[in-house]
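[1] Dropping a prediction and its sequence here:
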Amino acid sequence: MEDDREQIRRWLDSLYRDSRVVSGLDATLRAQTFDLPEMAMDIVEGLPPGRYTRTRLCDQLNSAIVARGLSRALGTHD
């Protein structure tokens, strides 16, 4: 089975393959197609509405991952 961190990295790469900025809704819909782990989906679905560069989205994800104590399971991302 693919590592959770690798799944998240693939999702991020796919999300920003054709765009420099994406909406929170786009991030959530794409995450659903990547079948992210439940812990990661909870974080993605909890993103505030708005538009995100990759750096801003990763900052949001990493903050939520650390705040929930999920760094060991999900890692941090850039």
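    Thanks, I have it. Residues are numbered from 1 along each chain as shown.

[2] Contacts for stretch 3-14, please.
    Among residues not part of stretch 3-14, those counted as contacts by Cβ atoms under 8 Å, 6 or more residues apart in numbering are 30-31, 34-37, 39-40, 54, 57-58, 61, 73-75, 77. To be clear about C-beta, it is placed using only N, CA and C from the backbone, and glycine gets the same treatment.

[3] So which other helices or strands are in contact with the longest helix anywhere in the chain?
    Among all segments of the chain classified by DSSP state H, the helix with the greatest residue count is helix 54-67. Contact analysis of helix 54-67 by 3 or more Cβ pairs under 8 Å, 6 or more residues apart in numbering; DSSP states H and E lists helix 4-15, helix 38-45 as its packing neighbours.

[4] Could you export those as TSV, including distance to residue 21, mean pLDDT and mean neighbour count?
    Conversion of the helices and strands packed on helix 54-67 to TSV gives the following (distance: least, Cβ to Cβ, whole Å; pLDDT from 0 to 100; neighbours: other Cβ atoms under 10 Å):
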stretch	distance to residue 21	mean pLDDT	mean neighbour count
helix 4-15	11	93	16
helix 38-45	17	94	16
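
[5] Including distance to residue 22, could the ones you listed go into JSON lines?
    Written out in JSON lines, the entries for those read as follows (distance: least, Cβ to Cβ, whole Å):
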{"stretch": "helix 4-15", "distance to residue 22": "6"}
{"stretch": "helix 38-45", "distance to residue 22": "12"}
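
[6] that older thread, restricted to buried residues, select the contacts of stretch 3-14 in ChimeraX.
    Under the burial definition 16 or more other Cβ atoms under 10 Å, those of the contacts of stretch 3-14 that qualify are selected in ChimeraX by:
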select :30,31,34,36,37,40,54,57,58,61,74,77
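
[7] Alpha carbons of the least confident helix or strand in the chain by mean pLDDT, in PDB - could you do that?
    Within the chain, no helix or strand scores below helix 71-74, which has a mean of 84 by mean pLDDT, DSSP states H and E. Taking C-alpha atoms only, helix 71-74 is exported to PDB below (Å, rounded to 0.1, in the frame of the first residue of the first chain):
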ATOM      1  CA  SER A  71       3.200  14.800  12.000                       C
ATOM      2  CA  ARG A  72       4.400  11.300  12.500                       C
ATOM      3  CA  ALA A  73       1.600   9.800  10.400                       C
ATOM      4  CA  LEU A  74       1.200  12.400   7.700                       C
END
